[in-house]
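Visitor: Give me coordinates for this.
(one chain, ligands or ions: 1)
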Amino acid sequence: MMAVEAPRKSFAAALGLLALLALLHNAVAKDPVCYDTAPKPRQAGVLNVHLVCHTHDDVGWLKNVDEYFVGSRQDIYKAGVGYIIDSVVQNLQENPDRTFVYVEMAFFSRWWDEASEKQREAARTLVKNKQLTFANGGWCMHDEAAAHFVGMIDQTTRGHRFLMENFGYVPKTGWQLDPFGHSATQAYLLGHDLGFDAMVLGRSDHVDLEKRKLEKGMEMLWSPSVTFGESKTILTQIRPDGNYQPPPCFCFDFEKCKCDPFQDDENLEDYNVEQRVEEFIEQAILYNNTVLGDDILFLMGSDFQWENAHVWYKNLDKLIHYVNKDPRVNVFYSTPEDYFQAKRNSNITFPRKTDDFFPYSDGWHSYWTGYFTSRPTSKHYAYIMTSLLQSARQFEYYQGRSLKDSDALLNLENAVGIVMHHDAITGTERQAVADDYAFRLHRGSVSAVSVINEGLKQVLSRSGEAPVGAIVPAGPEILTRPGSSAHAASSGADFVQCPLLNVSSCAFTEDSSKAGQNFQVAVYNNMAQTRTDHVHVPIGRTSSPPAVFDGELKPLVSQITDLDPSVRSDASQVQDLAFAVVVPPKGVAVYYVMYQNLPQNAVPAQMSKIRQVLANEPVAKISGGDLAMTFDGASGAMTSIENTKIGTSVNSSIGFVVYNSTVDNSDDGQSSGAYIFRPSGTLDVLNRGARGLNLTMVSGPVFSEMRQTFSSWLSLSTRVYEAKAWADLKWRAGPLPIGDGLGKEVSLRISSAVQSGKEFYTDSNGREMLKRKLNYRPTWNLEVSEPVAGNYYPLTAALSVSDESSEMAVVLDRACGGTSLKSGDLEFMVHRRILADDGRGVGEPLNETECGCTNCDCAGLRVAGTTSLVFGTAEESAQARRRAQAIKEAPLVAAFRPVDAMEAVKPLSGIQGKFPDNLSLMTFHALDSSTVLLRLAHMFQAGESAVGSKPATVDISTLFPGRKIEGVQEVSLSSNRVLNPDLGTTEVTVSAMQIRTFLVKHGGAQGAATAAY
Ligand SMILES: [Zn+2]
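Guide: Numbers count the residues shown, from 1 in each chain. From the prediction side, this is the model:
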């Protein structure tokens, strides 16, 4: 079909119109405006407004990190971070006065990888000119409540090393704009110890915020460490808007804001220069009323803004040009560094702050204390993957691998890096994004596990006759027994690991046992101390029990136990084989589970005695290690906890509390959700039956336990081991029923007669224990509007109560929220299933299912955890609590392979010599074939333990058996600043709560460990 030509205006008519337009234009033509954006000299009495252009880019939230980067899934959210950086880099080049600060290196490094050489050169020049600067500079902007300090430091180091390697750049400002509350550890460790000069925080409690604004207290000297006090202080700003937005309405991201641009052509409609200048100055003066001094910081940008940097800069150029014509204000493009330098130069006496910023609330009924617990299985996965990464790094070193020649661990390092993000480990991301994080961690773990499995095979097949290489037979003080010989293991088979051992599931060991196949268990201990621990192996039900031997062929006592029916749906088919293991520091010990070719001295595994406790038994007792617990047969309840070593007993009970999640859909209402915990009382939904709890006692030579069944979806096994000072509370929660239409949030509560009054202690990111007080805030008067949620604090490691004679504590295997609502109580949340959204942006109820989907026909998520319970004198409890924490932070790695017969294998250790008990070898990371990034972390805070809190001294060369140390450099926490270029010794002392970081240069394998010094 032929196209129909559109009617055209006559050529002459068109010419006439053009002539008229030209005439009109000529009549008002003027010189092009040259906007003056150059910074002006400071003048007395003039308010200096620092414009800091920024974008806040979550590494996953409503969509996943890759979708955010490339800009896909615009139906979910319009954002493409790659384009933001493209646009900013391009537009910075157009005016040398323009500046920008970028934060999340997980995104910037992707952009860098894809950038053309021209773009890279431009970025290098912009960084050199201080137009493009970086704040924080970590892989992500980590969360401060649920993140563990090892993960926080790791992800920051990854980002800082990227900036150092590509730009020689060292970030100077902390930038925690969005995390939902701020931790003490963030201030003194991830602020001060990173070498940051200052830190900007977005959110603070709404009451605190209003008080600070009135008192001009938005900027402060923050020194919250119990141990370090003012010696580790950081200049800190809280944003007066309680967020990180531009002043209203000065957002020039046309996609995301509706603010008017600067219209400075008087011949056009809507000329608005005077009006906009006046509005800006008004905002500047308002802001200046909240801080001391004559400098203020305006953040120009917000979530995923600046995709069109041209629009932003064009308007800001005009803003600077016109506002500076007013003598009251001097406005200019600035950087966080320049802002805080101006503040320091201003001779201001800042107020001090010594507590932290938890819990955070942005309304009377809006406590952001739910996310401390949201997605408990994701939190656990992140916790154990952080640990797996450390173990895998040790094996990279043992094998002489390194990041430079192998990227086997990069996936896991990147995944753990982004999972520390404040919408990842927090559980406040959408379900699909949570699934994406889990997938990334899993993908990373597959490589890490194979690095460990290959490493195990390699080190176990080495000749153990002489200390060769980096892992050596454990010294005579550790485990060598007369008559044992060290030589190659009999099996050449590959090792397998079972990621679901925590729920008693392992295809290899179950199948092997059913087939009567002997297998070897290689156990790796990533702690720097010798460790007595326990291995639990699921085995199939067989007619004859196996016998267990250690690596030196000594028969061991072992125990077979029928599984609690709530552990697995096919629990009757599987049994638990348990035995104690002793594993040398950073070392490997081998065990055998034998079904065939048993030697004469074999000790068959003993079956546990399992029996129902009868209603007429007033006292049923389990004991092991230092603890004994009594239960009452009539009610099925725990009645006391005793430390048998010191003979102290305390009346105690233990049970679950089920909170009902508030649903309040009114305009200013507040529902419980992924972020916010708002209970509306507790629910009496636990079917206790006529005689109380079902109580089952299990006893055997390795461990004993009392199993309490609270309902079909809540159960608890309180377990004591012969060789452990503390008890393990093995809890299982879920699927939380929602058939009644009610959201549920479940906590485990231990009530005791410990006279703790209103005080309790919670850890800060796994470091210091901080004192909390019920219904109290140290720096403002708390009006108690949410008596439960407002008293929940973040826990990463531990919660404790104490009185003059004793301390009781729980040590956790994942982050969660917790409190002590009554004297002697320890309460921590284990699971949440919620049917409403809490209105903070995620727009999805926290309703997790076994299938990783929401609103689908699938059973609710089940969660299983192991929390350790410590009880004793303050001194004993502190030591046991820190020890339990160290063990939780470094779960044993168990790997299996089939063997026909046993051969003796001596335990191996990566440490030759004594490593102090109160020190953690936190990081051992081979950066290349001759450099190791080493961190030593003291485990105790000042005054915590008479023994534990003492300084610890270690000879670094003991960590490098068989290698010559060629130099030790002390560096800052993230390794980007040299503190001492040459220590001149390998002996270092670490004081209470201190973390010291070193770059250790070493030579190749030597015949014996020698130090150059
Ligand atoms: Zn964010």
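Visitor: Would you agree G1004 falls within a strand?
Guide: Yes. Under DSSP: H, G, I helix; E, B strand; the rest coil, G1004 sits within a strand.
Visitor: For it, which residues are in contact?
Guide: R963 (C-beta atoms under 8 Å, 6 or more residues apart in numbering). Placement of C-beta: from N, CA and C, glycine included.
Visitor: Tell me the pLDDT of it.
Guide: Per-residue confidence for G1004 comes out at a pLDDT of 73.
Visitor: what sits opposite L919 in the beta ladder?
Guide: On the basis of DSSP bridges, L919 is bridged to H938.
Visitor: Is it in contact with A937, as I believe?
Guide: Yes. Contact criterion C-beta atoms under 8 Å: L919 and A937 qualify, at 7.1 Å.
Visitor: Next one: V101 from the ion, what distance?
Guide: Applying C-beta to the ion, to the nearest Å, the value for V101 to the ion is 15 Å.
Visitor: Name the residues contacting each of L919 and A937.
Guide: By C-beta under 8 Å, 6+ apart, the residues touching both L919 and A937 are V990.
Visitor: Could you chop the chain up by domain?
Guide: 47-136+171-353, 498-602, 609-889, 919-1005 (automatic domain parsing).
Visitor: OK, now which residue of this protein is nearest to the ion?
Guide: Proximity of the chain to the ion (C-beta to the ion) peaks at D178, 3.5 Å away.
Visitor: can you count the residues close to that residue?
Guide: 20 (other C-beta atoms under 10 Å).
Visitor: and it, helix, strand or coil?
Guide: D178 ends up coil, using three-state DSSP.
Visitor: Please verify my assumption that it contacts H421.
Guide: No. Counting by C-beta under 8 Å, D178 stays clear of H421, with 9.6 Å between them.
Visitor: where do the contact lists of those two overlap?
Guide: With C-beta under 8 Å, 6+ apart as the test, D178 and H421 both reach D58, M141.
Visitor: Distance check, F871 against E255.
Guide: 57 Å (C-beta to C-beta, to the nearest Å).
Visitor: Which one's more surrounded, the two?
Guide: F871 (29 against 12).
Visitor: strand partners of the helix or strand hosting that one, parallel vs antiparallel please.
Guide: Element membership for F871, per DSSP states H and E: strand 863-872. If you go by DSSP bridges, strand 863-872 pairs up with strand 727-733 (antiparallel), strand 807-811 (antiparallel).
Visitor: which of those strands sits most buried?
Guide: Most buried of the strands paired with strand 863-872, by mean neighbour count (mean count of other C-beta atoms under 10 Å): strand 807-811, with a mean of 26.
Visitor: Give me the pLDDT for the residue nearest to F372 when sequence neighbours are not counted.
Guide: Once flanking residues are discounted, F372 sits nearest to G817: 3.2 Å by C-beta to C-beta, 6 or more residues apart in numbering. Per-residue pLDDT puts G817 at 98.
Visitor: Which secondary structure state is assigned to G817?
Guide: strand.
Visitor: and it, what does it touch?
Guide: T369, G370, F372, T373, F677, Y792, Y793, P794, L795, F828, M829.
Visitor: go on, D564?
Guide: Contacts of D564 (C-beta under 8 Å, 6+ apart): A571, T696, R707, S715, S717, R732.
Visitor: Mind checking which of those land in strands?
Guide: T696, R707, S715, S717, R732 (DSSP state E).
Visitor: Closest to W222 out of these?
Guide: Nearest to W222, judged by C-beta to C-beta, of these is R732 at 40.5 Å.
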